[in-house]
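In: Sequence first, predicted model second:
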Amino acid sequence: MASFANQRLKLLYLMKILLESTDEQAPMTVAQMIAALAAYGVQAERKAIYSDLELLRQFGLDIEVHRGKSTGYYVASRQFELPELKLLVDAVQSSRFITHKKSERLIQKLSALTSAGQAKALKRQIFIMGRAKTMNEAVYYNIDQIHHAINEGKKIAFRYFDYSVTKDKVFRKQGKLYTATPVALCWNADQYYLVTYSGYHGSYTHYRVDRMSAVSAIAEAGDRHGDFNIGEYAKRAFGMFNGEMVRARLSFELSLVNAVLDHFGTEIHMTVTEDGWFDVSVDVTVSPTFLGWIFAFGGSAVIQGPPTLVEAMKVHLEKCTEAYSGK
């Protein structure tokens, strides 16, 4: 016999059943609802179910009716629609800084936000060539401690490491603790970074979150710093914007329009030339990252100026040639 306590929870159990088991492709009859409630030790009558469905509608649950050979009811809309959940699942699966184990747990939680039938569509495996997952299971804890320190205006302490060829952690500074003022978390090129500020040096620096260990917020107040623009910092600190800035004049074959827009954004001006190429003028830095990016296109991309950047490319090419001489 159903307990009195379970009977008082009938409406909540009914909402749980509808959310977990129904969608447009899988409506549930009143008889099925009664049977599902019985599995929770709750007795229900048909007439009462109709009243409960109306109460749930008034509460805000979007319950629709499917009429056919038998009348069924289902939850028509939810906080997250299936395409939105698919996007989130894809992002979790493809993220490099989330471990396989944490990815599986997150996807299970995301799957719980839709019906059992639609959750099957989320259990997809994405193959991403060359995509490696981090091996650091402490990333979640690290992020929690970092956010806590930022919100409280405190410093953090942590150890920082690299991997050896045997995949062992090799801690920098002989394993001594770093202390820094956390400023912001930044996502760049599939990696998660923490930007910190040092009052002693008067400068910002950044660390890979998945290479941080034993992260903890400490009692010491963080160093005060001026206004911080995470967008501008990311441009300067990562990739082609790291170093001395110059105004580059570049030429590309028309087939590289997408690649150029992906790197420099859609705001740049492109001029088509008589030879079927196009020219751009953009701010870059004389860095191996930028030179390597140009080099990857072979003869389909050419640096026209300034002379310092052209000379840097020549030196880069000479070093590449020397590395293979005598092979």
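Out: Received the coordinates, thanks.
In: okay, now L309: neighbour count?
Out: 21 (other Cβ atoms under 10 Å). The way it works is simple: take the backbone N, C-alpha and C, and place the C-beta from them, glycine included.
In: hmm, I was thinking of Y200
Out: 6.
In: From I150, how far off is it?
Out: Using Cβ to Cβ, to the nearest Å, Y200 is found at 19 Å from I150.
In: How about Y13?
Out: Y13 is 41 Å from I150, by Cβ to Cβ.
In: for L291, same thing?
Out: Taking Cβ to Cβ, one finds L291 at 36 Å from I150.
In: So which of these two has more stuff around it?
Out: Using other Cβ under 10 Å as the criterion, L291 and I150 rank with L291 on top: 23 against 18.
In: Phi and psi next, for the more buried one.
Out: Here is the backbone geometry of L291 (degrees, to the nearest 10): phi -60, psi -40.
In: surely it meets M313?
Out: Yes. Taking Cβ atoms under 8 Å as the definition, L291 is a contact partner of M313 at 5.6 Å.
In: Just confirm F80 is within a helix.
Out: No. Looking at F80 with DSSP: H, G, I helix; E, B strand; the rest coil, it is coil, so not inside a helix.
In: SS state for the residue nearest to it when sequence neighbours are not counted?
Out: Spatial nearest neighbour of F80, chain neighbours left out: L113 (5.1 Å); criterion: Cβ to Cβ, 6 or more residues apart in numbering. The local conformation at L113, judged by three-state DSSP, is coil.
In: and L113, what does it touch?
Out: L113 makes contact with R78, Q79, F80, L85, according to Cβ atoms under 8 Å, 6 or more residues apart in numbering.
In: residues touching the closest residue to the first one other than its chain neighbours, list them.
Out: In this case it means R78. Among residues not flanking R78 along the chain, T114 sits closest, at 6.4 Å (Cβ to Cβ, 6+ apart). The contact partners of T114, by Cβ under 8 Å, 6+ apart, come to D23, R78, F80, L82, L85, L122.
In: and what of G292?
Out: H316.
In: Looks to me like it is in a helix.
Out: Yes. Judged by three-state DSSP, G292 forms part of a helix.
In: how far away is it from M313?
Out: Where M313 is concerned, G292 sits at a distance of 10 Å (Cβ to Cβ).
In: how's the protein carved up into domains?
Out: The record's domain parsing of the chain by automatic domain parsing lists 4-75, 82-122, 139-235, 240-324.
In: can you list those domains in CSV and add mean pLDDT?
Out: Supplementary listing: those in CSV, determined by pLDDT from 0 to 100:
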stretch, mean pLDDT
domain 4-75, 91
domain 82-122, 81
domain 139-235, 86
domain 240-324, 87
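In: Kindly state the pLDDT recorded for R124?
Out: At R124 the predicted local confidence, pLDDT, stands at 58.
In: in the stretch 101-250 of the chain, which spans are helices?
Out: 116-119, 139-152, 230-237 (DSSP state H, counting those that start in this stretch).
In: would you turn those helices into CSV with distance to R172?
Out: Shown next, in CSV, are those (distance: least, Cβ to Cβ, whole Å):
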stretch, distance to R172
helix 116-119, 43
helix 139-152, 16
helix 230-237, 19
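In: T196 is nearest to which of those helices?
Out: helix 139-152 (9.6 Å; Cβ to Cβ).
In: Sweet, I'm off.
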